[in-house]
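**Student:** Sequence below, structure please.
(one chain, ligands or ions: 2)
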Amino acid sequence: MQFHSTQTYQNLARAFAGECQAGMRYQMIAKLAMKENLVRLADAVKTIAKNETVHATQFFNKFLEKGGNKEDVLIDATYPFHAGTLAEGLKFAEGDEKAEATEIYPSFAEVAKREGFNDVAALFTMIAEVENSHRDIFRYLTKAVKDGTLYKSNEPLLWVCSECGYMHVATEAWKVCPLCKAGQGYVDLHIPFKGI
Ligand SMILES: [Fe+2]
Ligand SMILES: [Fe+2]
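**Tutor:** Numbering: from 1, shown residues only. Ligands and ions are numbered 1, 2, ... in the order given. All right, here's what the predicted structure looks like:
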């Protein structure tokens, strides 16, 4: 069977569409964060948006373009279209990442293995691991935004201004940087996960 006629090719096309959309949704979340002057949170979300764009590129460049038959592909899938507030957007993102990490990509990897495309299976498995770390990051950010603890901690932490580098150990970051007057949103976050 030609590669472009397989379920794996269809799954790659769905994954490409999903990654492109995730990248765009996360850029919209970053914009919501900027409206609240949460610059470093926006930076973290933009980094994840970039990751999704690279995932899409991997699917496209490694497999979809090379394995296609030059005809357009009909994608049969559902995709999420939800936004809401910053906290809601972060929560939705956590759920979307969970679905990719624990259901969608593992099942795509299984299908790829069954159809004999071990290189595609390996890519789905590697990306699922990244999505799992995205899920952790979004889970942390959702809770921190909801609870108002992005810049608060029970234990003293080192807070660093991303603008001027001013730093200070305290249980709460300053509202306005004593050195450069940048707002609190410029203070580096304490995201306890890899990848950011
Ligand atoms: Fe992704
Ligand atoms: Fe992701």
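**Student:** how does this structure divide up, domain by domain?
**Tutor:** The chain breaks down by automatic domain parsing into domains covering 3-147, 152-186.
**Student:** Dump those domains to CSV, plus distance to ligand 1 and mean neighbour count.
**Tutor:** (Each C-beta comes from the backbone N, C-alpha and C, glycine too.) Conversion of those to CSV gives the following (distance: least, C-beta to the ion, whole Å; neighbours: other C-beta atoms under 10 Å):
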stretch, distance to ligand 1, mean neighbour count
domain 3-147, 4, 18
domain 152-186, 25, 15
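**Student:** For ligand 2, which of those domains is the nearest?
**Tutor:** Judged by C-beta to the ion, the one of those that comes nearest to ligand 2 is domain 3-147, at 3.6 Å.
**Student:** Can you see whether that closest one contacts ligand 2, counting any residue in it?
**Tutor:** Yes - using C-beta under 5 Å from the ion, we find that domain 3-147 touches ligand 2 at 97, 131, 134.
**Student:** okay if I get the domains of the chain as a markdown table plus distance to residue 192?
**Tutor:** What follows is those, written out as a markdown table (distance: least, C-beta to C-beta, whole Å):
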| stretch | distance to residue 192 |
| --- | --- |
| domain 3-147 | 7 |
| domain 152-186 | 11 |
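**Student:** Just put these in JSON lines and tack on mean pLDDT.
**Tutor:** Listed next are the domains of the chain as JSON lines, based on pLDDT from 0 to 100:
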{"stretch": "domain 3-147", "mean pLDDT": "96"}
{"stretch": "domain 152-186", "mean pLDDT": "98"}
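**Student:** Helix or strand: which one has the most centrally placed residue in the chain?
**Tutor:** Nearest to the mean C-alpha position of the chain, by C-alpha atoms, centre = their mean, lies residue 48 at 3.7 Å. Residue 48 is part of helix 39-58 when elements are defined by DSSP states H and E.
**Student:** Against which helices or strands is that helix packed?
**Tutor:** Secondary-structure packing of helix 39-58 (3 or more C-beta pairs under 8 Å, 6 or more residues apart in numbering; DSSP states H and E): helix 7-35, helix 118-147.
**Student:** what angle sits between the last one and helix 39-58?
**Tutor:** In this case it means helix 118-147. Helix 118-147 runs at 160 degrees relative to helix 39-58, counting by axes from the mean of the first three to the mean of the last three C-alpha atoms, to 10 degrees.
**Student:** Counting residues, which strand of the chain comes out longest?
**Tutor:** When the chain is parsed with DSSP state E, its longest strand is strand 152-160.
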